[in-house]
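Asker: From the sequence below, what's the structure:
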Amino acid sequence: MKRVLVTGASSGMGLQLARDYAADGWQVVACGRSRDKLAQQLPGEGVEHCVFDINDRAAAEAALNEVASVDLAILNAGTCEYVDDAHRFDAALFERVVQANLIGTANCVAAVLPHIKTGGRLALVSSSVTFVPLTRAEAYGASKAGVDYLARTLAVDLDPRKVAVSLVRPGFVDTPLTQKNDFPMPGRVSPEQASRAIRTGLAKGNSEIAFPGTFIATLRVLSWLPHRLWLSLARRMKRSTHE
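Answerer: Sure, this is the predicted structure:
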């Protein structure tokens, strides 16, 4: 039986991934900070609960050292906070987001790599925010850009060990995090749709999984604009958002 480890498995996209892999007959190692939430959301056979905070390196190492080897590890846990006023830049907010999304991911990489089987796969969940610089996303975008680079360099350096790496770049997914957003979210998809896209891409061995297609295609085109043109467009977008 194949085994998959998923971080951030107590809610949102991680929860849906854990449920879907379990339904497909995989042995699932569901990771989260709350044992009660994991037990409530993911009861039954075929699911092993692993409790730790990704921001605590020692706790992550201790918890994952108890995990048997896995065929696939999906590092999905993270957070999102937006900078309200860049003129009064909130360095503490920036640190919190980078700590969770980048350093927390690195803590999990270090702890889980020894447990990924030869021929297995590591998937790091980033975001489509890294295609273009978006208003108020200084902290979130910077943290996810770091995850992009981390995934791509790991893909090179883990290749001799026969561990493949996939970078996952979702658009807006309807989760508790995005439900807090106070702005339009074009192309928003359900957790079920996100899980399907990720599982399909991983099964195909894709090195990058970005969705939904139309939204991602639009961002790719926008990313090719010269900075001066993008800045002008971004100003208009920002004004329309606040009107």
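
Asker: element containing the nearest residue to Leu102 once chain neighbours are set aside?
Answerer: Excluding its sequence neighbours, the residue lying closest to Leu102 (C-beta to C-beta, 6 or more residues apart in numbering) is Gly146, at 4.2 Å. To be clear about C-beta, it is placed using only N, CA and C from the backbone, and glycine gets the same treatment. Per DSSP states H and E: Gly146 is located in helix 138-157.

Asker: cool, Thr79 as well?
Answerer: Using DSSP H and E, Thr79 falls outside every helix and strand.

Asker: tell me, how many neighbours does Ser195 end up with?
Answerer: Other residues near Ser195 come to 21 when the count uses other C-beta atoms under 10 Å.

Asker: Check it and give its pLDDT.
Answerer: pLDDT recorded at Ser195 is 98.

Asker: now swap in Arg136 and tell me
Answerer: Reported pLDDT for Arg136: 88.

Asker: Contacts only, for it.
Answerer: Counting by C-beta atoms under 8 Å, 6 or more residues apart in numbering, Arg136 touches 82-84, 86.

Asker: partners of the most centrally placed residue in the chain in the sheet?
Answerer: For the chain, Val125 is the residue whose C-alpha lies nearest the centre (C-alpha atoms, centre = their mean; 2.6 Å). Here Val125 sits in beta bridges with Val168, as judged by DSSP bridges.

Asker: Pretty sure it sits against Val168.
Answerer: Yes: Val125 sits in contact with Val168 when judged by C-beta atoms under 8 Å, with a separation of 4.5 Å.

Asker: In terms of pLDDT, where does the closest residue to Lys2 other than its chain neighbours sit?
Answerer: Using C-beta to C-beta, 6+ apart and skipping the chain neighbours, the partner closest in space to Lys2 is Asp71 (4.7 Å). Looking at Asp71, its pLDDT is 98.
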